[in-house]
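J.: Sequence below, structure please.
(4 chains)
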2 protein chains.
Amino acid sequence: MPPSVRTKRPSLEEVAALAGVSRATVSRVVNGAPTVDAEMKERVDRAVRELGYQPNLSARALVRNRTDTLALVVSEPDFRVFGDPFFSGIIRGVTSEAGAAGLQVVILLAQNDEDHQRIERYVRSGAADGFLLISEHAALDPLPRTVVDAGLPLVIGGRPHDTSLDVLFVDNDNVHGGRLAAERLREIGCRRIGTVAGPKDMTAGTDRLEGFRSALGDRFDPALVEHGQFTRESGEAAAARLLERAPDLDGLFAASDLMALGAITALRRAGRRVPEDVAVVGFDDNEVAASADPPLTTIRQQTVVQGRAMVRLLLAHARPDLQLAPSDAIPAAEGLTRLVLPVELVVRESA
Amino acid sequence: MPPSVRTKRPSLEEVAALAGVSRATVSRVVNGAPTVDAEMKERVDRAVRELGYQPNLSARALVRNRTDTLALVVSEPDFRVFGDPFFSGIIRGVTSEAGAAGLQVVILLAQNDEDHQRIERYVRSGAADGFLLISEHAALDPLPRTVVDAGLPLVIGGRPHDTSLDVLFVDNDNVHGGRLAAERLREIGCRRIGTVAGPKDMTAGTDRLEGFRSALGDRFDPALVEHGQFTRESGEAAAARLLERAPDLDGLFAASDLMALGAITALRRAGRRVPEDVAVVGFDDNEVAASADPPLTTIRQQTVVQGRAMVRLLLAHARPDLQLAPSDAIPAAEGLTRLVLPVELVVRESA
DNA sequence: TTCCGATGAGAGAGCGCTCTCTCATCATGG
DNA sequence: CCATGATGAGAGAGCGCTCTCTCATCGGAA
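T.: This next block holds a predicted model:
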């Protein structure tokens, strides 16, 4: 167990000795170079198996000046983010796509100043070949600049705040989603429609609100807007405030499913039935939406696809040498600097 | 943006040249060696700042034969795990404690065979100095063996299945937690007490059930046990089955808060009030517990502390050179091979 | 003054790989 | 028959660090 007992791992050199070939040849075989005689390859493969050889990644990274590692930075002060299925989806998409390309994923949490400093050092240490950033909050994020300054590729999940940076991004069509939600509520006959919007410092929040506002037109009442933090608790509180101000509320758009759930709790506590008294539309269509009570009418966004697309976009720019299998869900990323994924209305029972 | 434009990062050599000293001296300064003249140190520091020097981690890892990286393996086939606040807590604890020790954390998801093979290669590539494993499922996990065989330190979060391996672990006192839940339900007068237990292939599941069973004594009815997967949905389904079999159920222990929430949904659908008709005790005390309807009586376990303790235990064995600041919540780990964290009953309204 | 130990800086090897060159071998065409 | 080119293996430099060894310098004791 003590590190001293750790059996030394075999090196290329030893494999070469055992196979009776040069280091270069072993390297060629290990890396799949085509110019190796079949019999040589066989001898090397046997030696590799026999010794359980696995290349030392540090040595390889040193000479290649590339670590085959991607960093996913979650820039979210509230660590309960992981409770949000949105992140599960992104993480799953990112890790699977990266894995398919033979890349490792490092997940970095940026919650406080200390974290940010650590990440800044991390960026400049060259430990990752590229960066993915999600849950970007305005003002709070020097990170995009740092990454770009370091000359490393960056993809943001969502629409970036800093338009001067001209950075790659993969967003969902939040504006359209907000519009769909508003239209649904209008169509089913709601007259006093409020919204529990997302945080003001996140583009996903402001974009959804913008779509909602524009589709509602003259029926939009700025007094019927309350902001939450995408969490269940904040949705509950915001809906309660809204209800107090407008007891005649009959339609509600919550900018996340979690907030919709909280809102429903608040509505019920105030004696309202959903959807009979107040219709509720959520946003995300994560796994809690379908099993909620009542099942949530919501806007579906494709989080796993978004995660995958982020990796593909990054790779298209940073590693054009890698040829990825085409995917039906993800448009080819070559030449693109941005991707906006479509969203759709999913009608269930809450509205 | 293309990698070719990437400005080459300065090396030790260049810093040395600028400061007019040798490479060795720069290395000493950067690593905080005590035997450096103050004036030299100042000159080097200035050069480091001027060039924005940051050591190349690959080079360092190569020569030190140590990567300063910890891998956290989440061995869970269902990727929605990230929706469970338990994982948020562990991840937060692990990353913060590792960060304090200057270590990076790589999160690896082991969901399918492909993932397992990738992780196996990862282990043997020496890319991490130690491994943390959570959500271990019986039978399914060759990983502990792989890690131990590679001579690397391993800490399991939870009680390990394979007792032959004599591996380090940090568990919660699940047996005691199950006992506390049973006692609470007895004390408040429940007579027909059932349980939505955790999965049979996880020690957290079986241990909680064991504590529950033992505390209930002759009031324990094996027919009133149903198993779930710690998720909300599985809890709902299990409770429904239980209720069908025992309509006179008046007490329920769910082995996770998420399952308790699902169970409450099922109970209500069947026309039962909580806690008036059926009292419910959960397990975890995660953030949904307090804000649930009704607020959950539950068993509190300290997930963030568990994550931190896992890192400390690993470090105590693998890196005795690091002296960590003592913590009040976490016992000193030197010499220990296991830690069992206390749990406690939190009484709210559901039981 | 001389000698010695302590202090602190430099020289240089080497970690495990990759990759460019070089070179040997062999088949082919003139 | 030799010249030529293709093929495939080996030699060796070097990636950016760390760390041991060596050595210069200086203060103090004899």
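J.: Could you report the neighbour count for the residue nearest to A:Leu209 when sequence neighbours are not counted?
T.: Once flanking residues are discounted, A:Leu209 sits nearest to A:Ala197: 4.4 Å by C-beta to C-beta, 6 or more residues apart in numbering or on different chains. Every residue, glycine included, has its C-beta placed from N, CA and C. A total of 25 residues lie near A:Ala197 under the criterion other C-beta atoms under 10 Å in any protein chain shown.
J.: Check the spacing between A:Ala197 and chain B real quick.
T.: Between A:Ala197 and chain B the computed distance is 21 Å (C-beta to the nearest C-beta, to the nearest Å).
J.: Give me the local confidence score for that residue.
T.: The pLDDT attached to A:Ala197 in the predicted structure is 97.
J.: quick one: contacts for it?
T.: With contact taken as C-beta atoms under 8 Å, 6 or more residues apart in numbering or on different chains, A:Ala197 is in contact with A:205-206, A:208-209, A:212, A:225-228, A:255.
J.: Same question for A:Ala316.
T.: Neighbouring residues of A:Ala316 by C-beta under 8 Å, 6+ apart: A:332-336.
J.: roughly how far apart are it and B:Ala351?
T.: Relative to B:Ala351, A:Ala316 is positioned 55 Å away (criterion: C-beta to C-beta, to the nearest Å).
J.: likewise A:Ala260?
T.: Noted for A:Ala260: a distance of 28 Å to B:Ala351, by C-beta to C-beta.
J.: More neighbours: which of the two?
T.: More neighbours sit around A:Ala260 than around the other of A:Ala260 and B:Ala351, counting by other C-beta under 10 Å; the figures are 31 against 26.
J.: Pop the domain breakdown of chain A in here.
T.: Chain A is divided into the following domains under automatic domain parsing: A:3-64, A:69-172+A:303-340, A:174-300.
J.: Rebuild those domains as a markdown table, extending it with distance to B:Asn286.
T.: A markdown table is the format used below for the domains of chain A (distance: least, C-beta to C-beta, whole Å):
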| stretch | distance to B:Asn286 |
| --- | --- |
| domain A:3-64 | 36 |
| domain A:69-172+A:303-340 | 8 |
| domain A:174-300 | 12 |
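J.: Among those domains, single out whichever gets nearest to DNA strand D.
T.: Using C-beta to the nearest atom of the strand as the criterion, the shortest distance between DNA strand D and the domains of chain A is 2.8 Å, found for domain A:3-64.
J.: where do the strands sit along the stretch 1-150 of chain A?
T.: Counting by DSSP state E, counting those that start in this stretch, residue ranges of the strands within the stretch 1-150 of chain A are A:69-74, A:104-109, A:130-134.
J.: which residues sit against the first one?
T.: Same thing as strand A:69-74. Here strand A:69-74 makes contact (C-beta under 8 Å, 6+ apart) with A:81, A:87, A:90-91, A:94, A:98, A:103-110, A:119, A:122-123, A:127-135, A:143, A:311, A:314.
J.: if you set the cut-off to 7 Å instead, what comes out?
T.: With contact meaning C-beta atoms under 7 Å, 6 or more residues apart in numbering or on different chains, strand A:69-74 is reached by A:81, A:87, A:94, A:98, A:103-110, A:119, A:127-135, A:143, A:311.
J.: what's the answer for the second one, then?
T.: Residues lying outside strand A:104-109 but in contact with it, judged by C-beta under 7 Å, 6+ apart, are A:68-74, A:79, A:94-95, A:98, A:115, A:119, A:122, A:128, B:95, B:104, B:106-107.
J.: elements contacting the helix or strand harbouring A:Asp171?
T.: With secondary structure defined by DSSP states H and E, A:Asp171 is part of strand A:168-172. If contacts are counted by 3 or more C-beta pairs under 7 Å, 6 or more residues apart in numbering or on different chains; DSSP states H and E, strand A:168-172 sits against strand A:154-157, helix A:303-318, strand A:338-341.
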